[in-house]
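*Asks:* Quick check, what structure comes out for this input:
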Amino acid sequence: MTDINELMGSAFVRVKLVAFVHFIFISNAMMGMWGHGAYEFYNFLFIIAMFWTMHSKDSVEAIQAALIIDTSSIFFDMVTIIIMFHAMNGWAVAFSIINLLIRPVSVILLYREFNTRGGSLQTGSVFPTTTQRSYQDIDRPTQPVPTNSPPGPNVASIF
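*Replies:* Next up is the predicted model:
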């Protein structure tokens with residue numbers, strides 16, 4: 001039998017496990033009467049991002065999108081459960097709370113996958129920096145100025 005650490009060390013198994021577990025809990029949580037559609041919307045985006053992550057096995061952007069949606073869903077789940085608690089049945093409440101409790105674990109697993117794919121959380125790539133970068137004006141290409149050339153015609157004398 002395969003060791004669980006070796007199995008969880010496999011990148012593709014982590015992504016499939018996170019997608020499958022959340023799919024089960026989200027689909028059961030949606031059996032309640034939510035009434036506003038926000039829960040369905042951001043969880044639908046998360047599942048689509050997970051499918052994209054499974055499809056693009058080397059894409060850093062795919063796993064980054066899934067990681068951002070999963071991380072922000074922790075806050076959204078808390079707000080949605082608090083606001084819509086009175087309108088949900090017990091089945092939906094139980095599965096939405098369990099889904100909320102397993103989100104930090106899935107964030108950790110997705111972050112491991114993000115690092116495995118070569119992603120890094122550098123603020124310089126997202127936010128502008130204060131350091132000056134060299135600027136090349138592509139509209140006016142630079143031409144070397146001749147140093148020992150005879151003076152050209154007087155352009156002012158043409159007019």
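
*Asks:* Would you mind measuring from residue 66 to residue 43?
*Replies:* 12 Å (C-beta to C-beta, to the nearest Å). For every residue, glycine as well, the C-beta is placed using N, CA and C.

*Asks:* what is in contact with these two at once?
*Replies:* Among the neighbours of residue 66, none is also in contact with residue 43 (C-beta atoms under 8 Å, 6 or more residues apart in numbering).

*Asks:* Could you check which of those two has the larger neighbour count?
*Replies:* residue 66 (28 against 24; other C-beta atoms under 10 Å).

*Asks:* My guess is that one contacts residue 51. True?
*Replies:* No. The pair formed by residue 66 and residue 51 falls short of the contact definition of C-beta atoms under 8 Å, at 9.3 Å.

*Asks:* Longest helix in this structure, please.
*Replies:* The longest helix of the chain (DSSP state H) is helix 90-116.

*Asks:* Just the buried residues of that helix, please?
*Replies:* Using 16 or more other C-beta atoms under 10 Å as the test for burial, helix 90-116 gives 92-93, 95-96, 99-100, 103, 106-107, 109-111, 113-114.

*Asks:* Turn those into JSON lines, columns for pLDDT and distance to residue 55.
*Replies:* Conversion of the buried residues of helix 90-116 to JSON lines gives the following (pLDDT from 0 to 100; distance: C-beta to C-beta, whole Å):
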{"residue": "92", "pLDDT": "86", "distance to residue 55": "30"}
{"residue": "93", "pLDDT": "87", "distance to residue 55": "33"}
{"residue": "95", "pLDDT": "91", "distance to residue 55": "27"}
{"residue": "96", "pLDDT": "90", "distance to residue 55": "27"}
{"residue": "99", "pLDDT": "93", "distance to residue 55": "23"}
{"residue": "100", "pLDDT": "93", "distance to residue 55": "27"}
{"residue": "103", "pLDDT": "94", "distance to residue 55": "22"}
{"residue": "106", "pLDDT": "93", "distance to residue 55": "18"}
{"residue": "107", "pLDDT": "92", "distance to residue 55": "21"}
{"residue": "109", "pLDDT": "90", "distance to residue 55": "18"}
{"residue": "110", "pLDDT": "88", "distance to residue 55": "15"}
{"residue": "111", "pLDDT": "90", "distance to residue 55": "20"}
{"residue": "113", "pLDDT": "87", "distance to residue 55": "14"}
{"residue": "114", "pLDDT": "87", "distance to residue 55": "16"}
